[in-house]
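Student: Got a predicted structure plus its sequence, pasted below:
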Amino acid sequence: MAILGASGSGKSTLLSLLAGLDHASCREVSLFGQPLSGLNEDQRALLRRDKVGFVFQNFQLMPQLTALENVMLPLELA
């Protein structure tokens, strides 16, 4: 899936909300049927680990790992 839009249209904000990294100021954000507001940080981290994958704009890669090892890291942690 790809999210496309003009600069400043809210793409990164949407992804941050869906991943539970940011909190909605109004309304409810649910992911896979779970309201994120009812989950604590550890539960949101588990949801991200098990169900969500995304690449940050600044990548957040581990410099000591190869590209393949960076991609495989979440699978090893799971």
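Tutor: The structure has been received and is ready for your questions.
Student: What score does residue 63 have for pLDDT?
Tutor: Looking at residue 63, its pLDDT reads 90.
Student: so it sits in a strand?
Tutor: No - counting by DSSP: H, G, I helix; E, B strand; the rest coil, residue 63 is not part of a strand but coil.
Student: how deep is it tucked in, by neighbour count?
Tutor: Using other CB atoms under 10 Å, residue 63 is surrounded by 5 other residues. Quick note: C-beta positions are derived from backbone N, CA and C, even for glycine.
Student: and the helix or strand hosting residue 12, C-alpha only, in CSV?
Tutor: Assigned by DSSP states H and E, residue 12 belongs to helix 11-18. Extracted in CSV, the C-alpha atoms of helix 11-18 (Å, rounded to 0.1, in the frame of the first residue of the first chain):
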residue,chain,number,x,y,z
LYS,A,11,0.6,11.7,5.2
SER,A,12,3.2,11.4,8.0
THR,A,13,0.6,12.5,10.6
LEU,A,14,-1.7,9.8,9.4
LEU,A,15,0.9,7.1,9.7
SER,A,16,2.0,8.3,13.1
LEU,A,17,-1.6,8.1,14.3
LEU,A,18,-2.2,4.6,12.8
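Student: quick one: contacts of it?
Tutor: Applying CB atoms under 8 Å, 6 or more residues apart in numbering, the contact partners of helix 11-18 are 3-5, 22-24, 29, 31, 36, 52, 54, 57.
Student: Let's see that with 6 Å instead.
Tutor: The contact list for helix 11-18 (CB atoms under 6 Å, 6 or more residues apart in numbering) reads 3, 5, 22, 24, 29, 31, 54.
Student: Each with direction, which strands does the next helix or strand after that helix pair with?
Tutor: Where DSSP H and E defines the elements, the next helix or strand beyond helix 11-18 is strand 30-31. In the sheet, strand 30-31 lines up against strand 34-35 (antiparallel) (DSSP bridges).
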